[in-house]
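A.B. asks: Need a 3D model of the following:
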Amino acid sequence: MKKHLLTFLLISVFLFSCQNKKTDKIEDKSISQHTKVDINIDYATGFEVESYENYDVLKVKNSWPNSDQTFTYIITKKEVDLPKDLNYTHRINLPIERSIVSSTTHIPSLIDLNVLSTLVAFPEPDYISSAEAREYINDNKVLNIGQNQQLNTELTISSQADVFVGFSMNGKNKAYDLIEKSGIPIVYNGDWVEKTPLGKAEWIKFFGVLFGKKDEALKAFESVERSYNEMKLLAQKAKNKPTVLSGSLYRDVWYLPGGASWQAMFFNDANTNYIYADNDETGSLSLSFESVLNKAQDADIWISPGSFTTYDKMTKQNPHYKQFKAFQNKEIYGIAGKKGETGGVIYYELAPNRPDLVLKDLIKICHPELIKEHEFVFFQALK
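C.D. replies: Residues are numbered from 1 along each chain as shown. Prediction:
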């Protein structure tokens, strides 16, 4: 009897010990007890995503040029208890019902992810050009909260938005400070800092995480990536490789893409010889008229001559434009003529999200024999 009692006590102690260990494991909510899955970001350098069972960690870096700050946003449902040792800038609760975005480049992602209906405010919405967004805005569903550098903070705060997707040139914005103090979290977006076409387009994954639409964002990006790479391969079939010039004068300075810029990458992927491809500048170049004329006078094609839409307007500003071969042969193509109903240039809104369509346009311009049926989305020949 004593032997059986002793055995029973030992088994009870063992079971009680196991139960305590199991309970301790459940109650320990440290990050180390959660399985982490990194979401692949293949081209963009400005953000990364860690996905856990009940929440996502969205880390944004390079929000502006030379930024050394990283912002960490936790995306989860309101009822979820987060790990105790989790540090973050803001917690964003899903679903987001009321949002503000600050750049026209954000609009295509809202449309693709079917969350445009959450948009309640935007700085100067007349710049938005897409037909679907314009219809939504015309129904008086979007507040005009002023200019990005001079936001109407009172109107912004009155929107009661769940999130404000913002951007900054240098990390200093007093309006953002006031908005955050009111309880509206600012989530920085740095798509404009990216240096490659597909890097910019991949920021749809940022919005996919933010709005709880990760699968939809992945499918949308994969479609663009596949289309872009198909166009890039198609361009290699061209028999000739035209030389390309870009930009125009502004107050006696000729601004044009640097050789390592995202615009120059389009020229390379379209199988052309960009006149300044040997330059390693990732931004724009600032040159004199004389230096450009000396190097690019015989370029076959002229892409994006500033805001010009006609040859007459070009010569009125500077009659010396006539000295370029592309001008004489009427081989100049611009983006300024393709606008939405309120004047917003379509390229500035949609091109970062759809680099495949930009590449198609450029192949149509530079190698028309390869893509005869394509109709221009962004570019048109000057009149």
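A.B. asks: After the lowest-mean-pLDDT helix or strand in the chain, which helix or strand is next? Please name it.
C.D. replies: Across the helices and strands of the chain, mean confidence by mean pLDDT, DSSP states H and E is lowest for helix 2-27: a mean of 36. From helix 2-27 onward toward the C-terminus, using DSSP states H and E, the following helix or strand is strand 37-39.
A.B. asks: Model confidence for A121, exactly?
C.D. replies: Note on A121: pLDDT of 98.
A.B. asks: And for P305?
C.D. replies: Note on P305: pLDDT of 96.
A.B. asks: That one is in contact with I332, isn't it?
C.D. replies: Yes - shown here, P305 and I332 form a contact pair, counting by Cβ atoms under 8 Å, at 5.7 Å. From N, CA and C alone the C-beta is placed, and that goes for glycine too.
A.B. asks: shared neighbours of those two, which are they?
C.D. replies: Between them, P305 and I332 share the neighbouring residues M314, L382, with contact defined by Cβ atoms under 8 Å, 6 or more residues apart in numbering.
A.B. asks: domains for the chain, by residue range?
C.D. replies: Listed by automatic domain parsing, the domain ranges of the chain are 32-224, 238-381.
A.B. asks: And the nearest residue to G208 once chain neighbours are set aside, how close does it get to A161?
C.D. replies: By the measure of Cβ to Cβ, 6 or more residues apart in numbering, the closest residue to G208 outside its immediate chain neighbours is A217, 2.4 Å from it. According to Cβ to Cβ, to the nearest Å, A217 and A161 sit 21 Å apart.
A.B. asks: who has more neighbours, these two?
C.D. replies: For A217 and A161, the more surrounded residue by other Cβ atoms under 10 Å is A161, and the numbers stand at 26 against 23.
A.B. asks: Now name the helix or strand holding that one.
C.D. replies: Following DSSP H and E, one finds A161 outside all helices and strands.
A.B. asks: Do I have it right that it meets E97?
C.D. replies: No - at 9.1 Å, A161 and E97 do not qualify as touching, with contact defined as Cβ under 8 Å.
A.B. asks: ranges for the strands of the stretch 101-250 of the chain?
C.D. replies: Taking DSSP state E, counting those that start in this stretch as the test, the strands found in the stretch 101-250 of the chain are 119-122, 143-144, 146-147, 150-151, 163-166, 186-188, 243-246, 248-250.
A.B. asks: about what we covered before: distance of the residue nearest to G208 relative to Y188?
C.D. replies: Taken as Cβ to Cβ, the spacing of A217 relative to Y188 amounts to 18 Å.
A.B. asks: Also I39?
C.D. replies: Going from I39 to Y188 by Cβ to Cβ gives 18 Å.
A.B. asks: Could you do K205 as well?
C.D. replies: Distance from K205 to Y188, by Cβ to Cβ: 15 Å.
A.B. asks: circling back: I39 and Y188: which has the busier surroundings?
C.D. replies: For I39 and Y188, the more surrounded residue by other Cβ under 10 Å is Y188, and the numbers stand at 26 against 17.
A.B. asks: Excluding chain neighbours, give the residue nearest to the more buried one in space.
C.D. replies: Here the residue nearest Y188, using Cβ to Cβ, 6+ apart, is S63, at 4.1 Å.
A.B. asks: ok now do the one you found, which residues does it touch?
C.D. replies: Taking Cβ under 8 Å, 6+ apart as the definition, contacts of S63 comprise G46, Q69, F71, F167, S168, G171, Y188, N189, G190, V193.
A.B. asks: what pLDDT does it get?
C.D. replies: Each residue has a pLDDT score; the one for S63 is 91.
A.B. asks: mind checking how far it is from N93?
C.D. replies: Relative to N93, S63 is positioned 22 Å away (criterion: Cβ to Cβ).
A.B. asks: any idea how far N279 is from the closest residue to T70 other than its chain neighbours?
C.D. replies: Leaving aside its sequence neighbours, T70 sits nearest to K61 (Cβ to Cβ, 6+ apart; 4.6 Å). Taking Cβ to Cβ as the measure, K61 and N279 are separated by 26 Å.
A.B. asks: can you check V163 too?
C.D. replies: V163 sits 39 Å away from N279 when distances are taken as Cβ to Cβ.
A.B. asks: Flag the shaky bits of the stretch 151-300 of the chain, pLDDT-wise.
C.D. replies: Applying pLDDT under 70 to the predicted model, the stretch 151-300 of the chain contains no residue that meets it.
A.B. asks: List phi and psi for the nearest residue in space to F47 that is not next to it in sequence.
C.D. replies: Spatial nearest neighbour of F47, chain neighbours left out: V60 (4.8 Å); criterion: Cβ to Cβ, 6+ apart. With angles defined as degrees, to the nearest 10, V60 shows backbone torsions of phi -110, psi 130.
A.B. asks: what's around V60, how many residues?
C.D. replies: By the measure other Cβ under 10 Å, the count of residues near V60 is 20.
A.B. asks: Then L86?
C.D. replies: L86 is flanked by 16 other residues according to other Cβ under 10 Å.
A.B. asks: now S288
C.D. replies: There are 12 residues near S288, going by other Cβ under 10 Å.
A.B. asks: CA atoms only for the helix or strand hosting I75 - export them in CSV, please.
C.D. replies: For I75, the host element (DSSP H and E) is strand 70-77. Extracted in CSV, the C-alpha atoms of strand 70-77 (Å, rounded to 0.1, in the frame of the first residue of the first chain):
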residue,chain,number,x,y,z
THR,A,70,14.2,53.3,-38.8
PHE,A,71,10.5,53.4,-38.0
THR,A,72,8.9,50.2,-36.7
TYR,A,73,5.1,49.7,-37.1
ILE,A,74,3.1,46.9,-35.7
ILE,A,75,0.2,45.9,-37.8
THR,A,76,-2.4,43.7,-36.0
LYS,A,77,-6.0,43.4,-34.9
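A.B. asks: ok, that strand: who's next to it in the sheet?
C.D. replies: Under the criterion DSSP bridges, strand 70-77 sits next to strand 55-61 (antiparallel), strand 90-94 (parallel) in its sheet.
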